[in-house]
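Visitor: Just a sequence and a predicted model for now, questions to come.
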Amino acid sequence: MISNTGSSQVKVVNMSGTTSKYKSNEYKQIKFISLISGGIDSPVSSYIMTKMGAEVVLLHMDNRPFADDRAIERVKELAVRLREVTGQEMPLYSAPHGISQDIISKSCDRNYQCVMCKRAMQRTAKIFGTELGCSGVIMGDSLGQVASQTLKNIRSENIELNYPVIRPLIGYDKLEIEAIAKEIGTFDISIKQVSGCTILPTNPITEANPEKIYVFDKSVQLQSLAETAARNTIRVS
C-alpha cells in the first residue's frame, strides 16, 4: 500500500508488512525521462519517482515489427492512468526501436540481444531526455527478475553511459511491485494481452562480458542507432 504521510514523506507498505519511507521532496524540481514498456514494473517505478517529487516524462521504445500494435495502445492507457494518479502532465513519447533490435540481432552474439537492447534504449533516452532538460533516466529493473537484470548485466548495460540511471524497484520482489501496481490502478492495464517481444534469444546471457560489449558497440554503431531513434521520437499522447 502507498499513502501520503504529510508533505514531506511517502510511505510504502510492503507485502511483508514492513514500511519504507522516502522524502517526497528528495527529487523536487528534477526532471527524469522514464522508459515505459507497458509491463507491470515501469509504471510503478515512474509513480514512485513522482511521489519523491520528480517531474516525469515517459518514453516508450516502439519494438515493432517485433511487437504488435496493441503494445503502444497499452502504454497509452498506462500514461492516462499515471496522469490521473499523479496529477502530472507526464507526456508520452515513442521512439522507433525495431530497427535497432534487427541490427543488434544480426551484428552481435544472439545471447547478448537483451543487454544490447537495453544499451540502445538507455542511450536513446539519454539523448532525447537531455534535449528535454531531463537529469537522468528511470527504469523498472528489479534485481534478478529477468536475464537482463542480473548485477553483471546491469553493469554492462551502463558502461560509458555517463548519465544517471534511477532504479526505484531494484530491491523489490515481484509481489511487492504487483501490490503497488494494483494500488495505483495500473496492474489490470499492464496484464492486458499483447504479443510480447518476438526477437528474444533462446538463452540470454546472464553474465555479460564487458570486453564483448565494446566490440558489439562498434559492430552495431550504437551511438548512431541511438541518435537516429532519438531524432525520430514523436509525442503520442
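Guide: Received the coordinates, thanks.
Visitor: element containing P65, please.
Guide: Element membership for P65 (DSSP states H and E) is empty, with no helix or strand holding it.
Visitor: In contact with it, which residues?
Guide: Neighbouring residues of P65 by Cβ atoms under 8 Å, 6 or more residues apart in numbering: G98. Just so you know, the C-beta spots here come from the backbone N, C-alpha and C atoms, and that holds for glycine as well.
Visitor: and after the longest helix that the chain contains, which helix or strand comes next?
Guide: Scanning the chain for the longest helix, with DSSP state H as the assignment, gives helix 113-131. Using DSSP H and E, the helix or strand that follows helix 113-131 in sequence is strand 137-138.
Visitor: Quick one: mean pLDDT for that next one?
Guide: Averaging pLDDT along strand 137-138 yields 98.
Visitor: Each with direction, which strands does it pair with?
Guide: With DSSP bridges as the test, strand 137-138 is paired with strand 31-35 (parallel), strand 165-166 (parallel).
Visitor: rewinding a little: okay, the angle between the longest helix of the chain and strand 31-35?
Guide: If you take axes from the mean of the first three to the mean of the last three Cα atoms, to 10 degrees, helix 113-131 sits at 150 degrees to strand 31-35.
Visitor: C-alpha coordinates for helix 113-131, CSV please?
Guide: What follows is helix 113-131, C-alpha atoms only, in CSV (Å, rounded to 0.1, in the frame of the first residue of the first chain):
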residue,chain,number,x,y,z
GLN,A,113,20.4,-9.3,-27.6
CYS,A,114,18.7,-8.2,-24.3
VAL,A,115,21.8,-6.5,-22.9
MET,A,116,22.5,-4.6,-26.2
CYS,A,117,18.8,-3.8,-26.4
LYS,A,118,19.0,-2.1,-23.0
ARG,A,119,22.1,-0.2,-24.1
ALA,A,120,20.3,1.1,-27.1
MET,A,121,17.3,2.1,-25.1
GLN,A,122,19.3,3.9,-22.4
ARG,A,123,21.3,5.9,-24.9
THR,A,124,18.2,6.9,-26.8
ALA,A,125,16.7,8.0,-23.5
LYS,A,126,19.8,10.0,-22.7
ILE,A,127,19.9,11.8,-26.0
PHE,A,128,16.2,12.6,-26.1
GLY,A,129,16.0,13.3,-22.4
THR,A,130,18.8,15.7,-22.5
GLU,A,131,17.0,17.7,-25.2
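Visitor: before we move on, back to that, nearest to R83, out of the strands paired with strand 137-138?
Guide: strand 31-35 (12.9 Å; Cβ to Cβ).
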